[in-house]
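Provided below for reference: sequence and predicted model.
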Amino acid sequence: MKAVAFDRHGGVEVLDYRDCPDPQPAQGEVVVRVRAPGLNYLDVFARRGMPGVSIPLPFISGGDIAGEIDTVGDGVTGWRAGERVVVNPKTKRGLIGEEVNGGLAERVAVPAENLVRLPESVSFEDGAAIPIAFGTALRMLTTIGGLKAGESILILGASGGVGTACVQIAKMVGARVIAAAGSAEKADKLRALGADEVIDYSRDDFSRAAWDLIGRKGVNVAVNFTGGDTFNPSLRALARHGRLLVCGATAGFSPQIDLRYLWRRELQVLGSTGYTQQDIAAAVDMVAGGKLKPVIGRVFPLRQAAEAVKLLEDRAFFGKIVV
């Protein structure tokens, strides 16, 4: 089969489109014929190498997978060849695309217990945009964050896969959505997606702008999956008893924190570590029912995966990048 693999950690130049052995299903596994893998920053981090995470080399990344069952292994019941599926990347052996070979390939072996049926009404491209982005956003905003109708929410990095999912889910809940992104073009697209207000943080201080938009009272909830130097301004944008939701640290995992915001306003910082199988299944149902719609920014052929990953790394996209 064809796949995009790397033999060493480094820049996008280490990604190699080449022939690799076809995967064989172990007990309880199926082989999925990959129709569309979605990209995430996980693909960047896996390729660069992550402290404390041992990645077996050579390696194939790609955590978001949509496709059809190709081969059913021993011990698998309830599934048959040809069924359309998406895959929950969290397996008992590790995270697909980080510790277990992923979907930047024509085929991938995955545990049958990690499969979620993909209705005919949902395209493979949309399916590949659901598991990580919509699963993460749904769990973070509803299960962890308890977002309610009538509350205000500030979403940083709102132009990416998780961000555009957060905008849609927050609107579905009935919240007032302030979406922030790094260009006027992205801000316009977020407004068209349904955001009530938008902030271009390449031009404006997002914390001050959000504070002013809410009548200088602060927002009830803020979403920050970038970390770095955006963390303190996110705290500053919150109202008394506000909640800061954190599901990542793409711009730095060790930020400086001004603790005075925490105790003076009695703030909560809530971490959300991804998604469950039920979150992914619920998100698939919502997409199939027309309540949510993945935003696909670009689609690339597998042989151009390195170009796609570079686009992701440079943040030169809107929505989700699918291969």
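Noted; the coordinates are in hand. Numbering: from 1, shown residues only.

strands of the stretch 101-250 of the chain, start to end?
Using DSSP state E, counting those that start in this stretch, the strands of the stretch 101-250 of the chain run over residues 107-111, 115-117, 152-155, 176-181, 197-200, 219-223, 238-246.

now the fifth one, how far from the centre of its chain.
Going by CA atoms, centre = their mean, to the nearest Å, the spacing between the C-alpha centre of strand 197-200 and its chain's C-alpha centre is 21 Å.

show residues contacting it.
By CB atoms under 8 Å, 6 or more residues apart in numbering, the residues outside strand 197-200 that reach it are 176-184, 186-188, 190-191, 206, 209-210, 213. (C-beta placed from N, C-alpha, C; glycine too.)

again, only this time at 6 Å
178-180, 184, 187, 190-191, 206, 209, 213 (CB atoms under 6 Å, 6 or more residues apart in numbering).

between those, which is closest to E313?
When the contacts of strand 197-200 are compared for distance to E313 (CB to CB), A180 wins out at 20.1 Å.

chain neighbours aside, what residue packs nearest to that closest one?
I199 (4.2 Å; CB to CB, 6 or more residues apart in numbering).

could you measure from the one you found over to L213?
8 Å (CB to CB, to the nearest Å).

ok, these two, which is more surrounded?
Legend: neighbour count by other CB atoms under 10 Å for I199 and L213, higher for I199 (27 against 19).

so, low pLDDT: which residues of the protein?
250-252 (pLDDT under 70).

okay, helices next: where are they in it?
Assigned by DSSP state H, the helices in the chain fall at 41-48, 124-128, 135-138, 161-173, 184-193, 206-213, 231-236, 259-265, 277-288, 305-313.

deepest of those, which one?
Among the helices of the chain, ranked by average contacts under mean count of other CB atoms under 10 Å, first place goes to helix 135-138 (a mean of 27).

how about residues contacting that one?
162, 165-166, 169, 247, 274-275, 279-280, 283.

tell me the contacts of the spatially most central residue of the chain?
For the chain, A133 is the residue whose C-alpha lies nearest the centre (CA atoms, centre = their mean; 2.9 Å). Neighbour list for A133: 161-162, 165 [criterion: CB under 6 Å, 6+ apart].

so how many other residues sit close to A26?
By other CB under 10 Å, neighbour count at A26 equals 12.

which non-adjacent residue is nearest it?
A26 sits nearest to G73 (CB to CB, 6+ apart), 6.2 Å away.

ok, the residue of the chain most remote from its centre to Q304 distance?
Relative to the centre of the chain, and counting by CA atoms, centre = their mean, the farthest-placed residue is R264 at 32.5 Å. Applying CB to CB, the value for R264 to Q304 is 51 Å.

what's opposite A105 in the beta bridge?
A3 (DSSP bridges).

report the separation between the residue farthest from the centre of the chain and G242.
Taking CB to CB, one finds R264 at 12 Å from G242.

for T136, same thing?
In terms of CB to CB, T136 sits 21 Å off from G242.

nearest residue to the residue nearest to the centre of the chain other than its sequence neighbours?
Nearest to A133 is G161, by CB to CB, 6+ apart, at 3.6 Å.

what does F300 give?
Per CB to CB, 6+ apart, closest to F300 is A308, 4.1 Å.

enumerate every residue touching that neighbour.
39, 300, 321, 323.

which residues touch S152?
176, 214, 219-220 are the contacts of S152 under CB under 6 Å, 6+ apart.

of the residues you listed, closest to G227?
Of the contacts of S152, the one sitting nearest to G227 (CB to CB) turns out to be V219, at 18.4 Å.

scan the contacts of S152 and report the most crowded one.
V219 (27 neighbours).

who's it bridged to?
Under the criterion used (DSSP bridges), V219 bridges to L238.

what's the end-to-end length of stretch 48-56?
13 Å (CA to CA, to the nearest Å).

cool, and stretch 70-78?
14 Å.

give me the neighbour count for the nearest residue to A249 once chain neighbours are set aside.
Nearest residue to A249 in three dimensions, chain neighbours excluded: G227, at 3.4 Å (CB to CB, 6+ apart). Around G227 there are 17 other residues, counting by other CB under 10 Å.

hang on, the earlier thing: the residue nearest to A133 contacts K320, correct?
Yes. At 4.1 Å, G161 counts as touching K320 under the criterion of CB atoms under 6 Å.

phi and psi next, for the closest residue to D126 other than its chain neighbours.
Once flanking residues are discounted, D126 sits nearest to P294: 4.6 Å by CB to CB, 6+ apart. With angles defined as degrees, to the nearest 10, P294 sits at phi -60, psi 140.

please tell me how far T230 sits from F45.
T230 is 18 Å from F45, by CB to CB.

same question, T77
T77 is 36 Å from F45, by CB to CB.

ditto for T276
22 Å.
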